[in-house]
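Peer 1: test case, fold it:
(one chain, ligands or ions: 1)
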Amino acid sequence: MRAEANGPQIAGPAAGALPDPCAFVADDVLRYCAPLPGLLVDLGSGPGAVGLALARAAGRAVLLVDPDEKALRQAADRAGQEGLAGRVATVLGRAEALPLRSDTAALVVSRGSIFFWDNPVAGLREVYRVLRVGGKATIGGGLGTEYPEWARLEFGRRRLEGERSRGAESYGEFQRLRHPSTFRAWGQGAGLGSFEVVGDEGRSAEASFAGAGIWLRFTKGCADDR
Ligand SMILES: C[S@@+](CC[C@H](N)C(=O)[O-])C[C@H]1O[C@@H](n2cnc3c(N)ncnc32)[C@H](O)[C@@H]1O
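Peer 2: Residues are numbered from 1 along each chain as shown. Okay, the predicted model is just below:
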């Protein structure tokens with residue numbers, strides 16, 4: 001469903017809390033990336049919402065990486081409360097200098113974080129470095145393709161309202177960062193070779209809703225493929 005010219009009709013309990021998108025995002029990660037055996041990484045995890053959902057959905061170990069120590073403590077506490085302590089580990093670090101050996105990760109997911117990196121191109125190079133051959137990355141932001149449409153519309157409406165209230169300059173930057181051309185420039189700058197940019201958040205932000213998401217996805221090939 002797409003927004004109508006005269007504005008979307010929102011069905012569902014839009015006035016209150018919206019469903020947590022993280023389980024939907026984790027399902028997409030497994031569906032679209034089908035990670036190899038090995039380490040799963042949630043980069044820029046914050047308090048771990050996506051990483052924990054991924055640990056639960058995949059039944060596998062997930063390493064959460066973030067420069068915010070307090071957020072990582074919250075993530076570890078939450079993992080304990082949710083019975084995931086044995087499957088979730090945290091490490092302090094930034095995308096631009098990942099505290100991981102080369103060729104080690106089966107998957108790197110990063111949601112809602114690249115927009116805050118000091119240097120997205122350097123961060124993407126690092127993600128490529130730490131992936132093992134055949135490892136996959138999905139870096140961007142969004143709610144998950146199966147997120148209920150009414151909630152997607154309401155999420156987008158609230159977020160646009162919030163971004164616009166910060167002023168034209170901030171709103172313009174918000175849109176620029178989420179535009180497919182920005183993602184393509186980052187991927188090319190990082191020398192990723194083949195990658196895809198999926199989603200259309202930049203364009204949907206121009207409409208009366210946003211939140212469809214935008215992701216840069218790539219697979220690490222052999223050195224010759226690059
Ligand atoms: C909006 S939060 C997203 C948190 C979580 N991924 C989610 O989906 O809810 C952005 C996160 O990116 C982290 N971050 C900021 N700069 C970063 C960098 N250079 N490298 C990695 N993470 C960074 C912040 O500390 C914060 O936890």
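
Peer 1: what lies in contact with stretch 49-63?
Peer 2: Outside of stretch 49-63, the residues within contact range by C-beta atoms under 8 Å, 6 or more residues apart in numbering are 20, 22-23, 25-27, 29-30, 35, 39-42, 45, 64, 75, 78-79, 82, 84, 87-91, 100, 105, 109, 111. To be clear about C-beta, it is placed using only N, CA and C from the backbone, and glycine gets the same treatment.

Peer 1: and the next element down the chain from the worst-scoring helix or strand of the chain on mean pLDDT?
Peer 2: Scoring the helices and strands of the chain by mean pLDDT, DSSP states H and E places helix 201-204 at the bottom, with a mean of 49. Next along the chain after helix 201-204, taking DSSP states H and E as the criterion, comes strand 214-219.

Peer 1: how far does that next one sit from the chain's center?
Peer 2: 10 Å (C-alpha atoms, centre = their mean, to the nearest Å).

Peer 1: list the buried ones in the lengthiest helix in the chain?
Peer 2: The residue-count maximum for a helix in the chain (DSSP state H) belongs to helix 149-165. Of the residues in helix 149-165, 150-157, 160, 163 count as buried by neighbour count, 16 or more other C-beta atoms under 10 Å.

Peer 1: what's the most distant pair in those?
Peer 2: W150 and E163 (20.6 Å; C-beta to C-beta).
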